[in-house]
Structures are given as structure tokens and as C-alpha cells.
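Chemist: Give me a model of this one.
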Amino acid sequence: MKAHMRMLLLGCIAGMLFPFVAKAQVIVTGQISDSNKLVLPYATITNLTTGKHALSDQGGFYRIDATRNDKIVFTFVGYLPDTVKVTQTTGTQTLNVKLVVASRFLKGVEISSQYTPYQLDSIERRRQYGYLLDLPNKPLAGGSTPQGAGIVFSPFTRYSKSEKQKRQFKKNYEEMEKEKYIDSRFTPVLVSQVTGLKGDSLQLFMRDNYPDYETMRTIGHNDLLYWITDKYKAWQKK
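Modeler: Residues are numbered from 1 along each chain as shown. Just a heads-up that it's a prediction; the model follows:
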């Protein structure tokens, strides 16, 4: 009888412990970079299973909690996302991720006449990072991440810097959006048509005469052609 009761008790204990064993937490950590070994700070790491987010720090390092078979997606503006599955049951799983630069436009995709390709790209980027961009800025002194936001900042930087990380991400995002807009108008194809330059000469001219955002926002297409022509004439005299 005692043996039977002992077995029954052990069975109950095992039954209570099983859910905890099955859901044992795994710490997924590593560094995010691109194919040129350039680290990607403030990249977004999302656990698709739990909906939780994390940001890499300035060195590209990240950390996010997961369980086995959770799917983790890594995203960074201008790069193709990468998704991996957690394979470990417990402990720490190191995943060093290398993201690939996204092609400017996907072949075979019909572009709506309502929006320019830049606008479509911008809408998609805003949708992807809206969860972070919409968070209000908090006071830097003693600030903390709002509860329920689902954002975890990398432990490789002090927690007190989490608000600064969020603000830096927003600043980087704004600068990238401006650069994307400039690149959507000041294109190699257009500059080559106006100047006749090709290859290294074209790249050198565009680098030396890269326009500012305000200029591109204020001038129309015809004025842009004149602007490129004037810059080319001045560039030839150097």
C-alpha cells in the first residue's frame, strides 16, 4: 500500500513538473552584422511565438528569451529579414546572424500608380517598426520601458540607457528615411542620362555631389536635371 501511494505521489509531482520542463526557458544571444562584417546596432529581434521584441546594442549584440521551437526573426532597415528556430531546450543558444542587403525593387512586382516605389518602401518600413516608433519618449533620468510594450533592451548596455537606445533608433530611422528619399530621386540611371558618366566616374561624381534632403524635397524634376547639370559642369573644372 505504501509503495502504491509513493508511486502515486511521484506521478503527481512529475505531472506538475512536466509543464515547467517542457517550457524551460532558453536565452538566445549573439551578434547581428551584414555580409561585409558591419555590425548592425538597434536591429530588431522578434520572438514570433511570444510577440516579444528586443533591440541589439551599439555593438550589434542582442539577447531575447525563448523556448524550444520558438521562431525568432531579425530585421534591420534596408536589409532582408532572417528567421531562425530555437533548437535548444535549456541554457543559452548563440546565434550570430548575418543579414543581406535588400534589393532596391523586387522584379515582377507590380507597382501601384497611386504610390512611388519609395513611398511603398516607406509604408512597409513604417508598418514594420511602428511598434517602436509610436512609443513616446520618456524622461532620461529614471526612465523605463512602459509595461506591456514587449520591448527588451540588450543587457550588454546598462538598463538606464534603454531610453537613449530607443531615441537613437528613432533618430537613425529618420536619417535612413531621408537617405532613402534622396536615393529614390538622385539615381545612377538619372545622373548617367544627364552627364553621360558611367562606372567609377559616375560613382565618384555622385559621391562628391550627394544632395541634401531639403534640396531634394523642394526642387521638381526639371529643376533637378538643371541642378545635376550645373554640378557636373563645376565638377569637370576641378
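Chemist: counting contacts, what elements does the top helix by length along the chain pack onto?
Modeler: Ranked by residue count and defined by DSSP state H, the top helix of the chain is helix 162-185. Judged by 3 or more C-beta pairs under 8 Å, 6 or more residues apart in numbering; DSSP states H and E, helix 162-185 is in contact with strand 53-55, helix 117-133, strand 151-153, helix 213-218. Where you see a C-beta, it was placed from the backbone N, CA and C, and this is true even at glycine.
Chemist: helix or strand right after it?
Modeler: Note on helix 162-185: by DSSP states H and E, the next helix or strand toward the C-terminus is helix 188-195.
Chemist: can you pull the buried residues of that next one?
Modeler: 191, 192, 194, 195 (16 or more other C-beta atoms under 10 Å).
Chemist: Out of the residues you listed, which two sit at the greatest distance?
Modeler: The span of those, defined through C-beta to C-beta, is set by 192 and 194 at 7.4 Å.
Chemist: Let me have the buried residues of helix 188-195 in a markdown table, adding distance to residue 94 and pLDDT as columns.
Modeler: As requested, the buried residues of helix 188-195 are exported to a markdown table (distance: C-beta to C-beta, whole Å; pLDDT from 0 to 100):
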| residue | distance to residue 94 | pLDDT |
| --- | --- | --- |
| 191 | 44 | 91 |
| 192 | 45 | 91 |
| 194 | 50 | 90 |
| 195 | 49 | 91 |
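Chemist: ok, the most centrally placed residue in the chain to residue 32 distance?
Modeler: The chain has residue 76 as the residue nearest its centroid, 1.9 Å off, counting by C-alpha atoms, centre = their mean. Using C-beta to C-beta, to the nearest Å, residue 76 is found at 7 Å from residue 32.
Chemist: okay if I get the helices and strands packed on helix 162-185 as TSV plus mean pLDDT and mean neighbour count?
Modeler: Below are those laid out as TSV (pLDDT from 0 to 100; neighbours: other C-beta atoms under 10 Å):
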stretch	mean pLDDT	mean neighbour count
strand 53-55	86	21
helix 117-133	72	14
strand 151-153	47	20
helix 213-218	90	12
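Chemist: quick one, which of these is nearest to residue 94?
Modeler: That would be strand 53-55 among the helices and strands packed on helix 162-185, by C-beta to C-beta, at 14.8 Å.
Chemist: Does anything pack onto the closest one? Which helices or strands?
Modeler: With contacts taken as 3+ C-beta pairs under 8 Å, 6+ apart, strand 53-55 sits against strand 44-47, strand 61-66, helix 117-133, strand 151-153, helix 162-185.
Chemist: List phi and psi for residue 74.
Modeler: phi -110, psi 130 (degrees, to the nearest 10).
Chemist: was I right about it contacting residue 96?
Modeler: No. In this structure, residue 74 is not within contact of residue 96 by C-beta atoms under 8 Å, at 10.6 Å.
Chemist: what residues are shared contacts of the two?
Modeler: Taking C-beta atoms under 8 Å, 6 or more residues apart in numbering as the criterion, residue 74 and residue 96 both touch residue 32.
Chemist: Those two: who's more crowded?
Modeler: residue 74 (24 against 11; other C-beta atoms under 10 Å).
Chemist: Identify the bridge partners of the more buried one.
Modeler: Residue 74 has the following beta-bridge partners by DSSP bridges: residue 45, residue 82.
Chemist: mind listing what it touches?
Modeler: 32, 43, 44, 45, 81, 82, 83, 84, 97, 99.
Chemist: let's see it at 10 Å
Modeler: Each residue near residue 74 by C-beta atoms under 10 Å, 6 or more residues apart in numbering is listed here: 30, 32, 40, 43-46, 56, 62, 64, 80-84, 95, 97-99.
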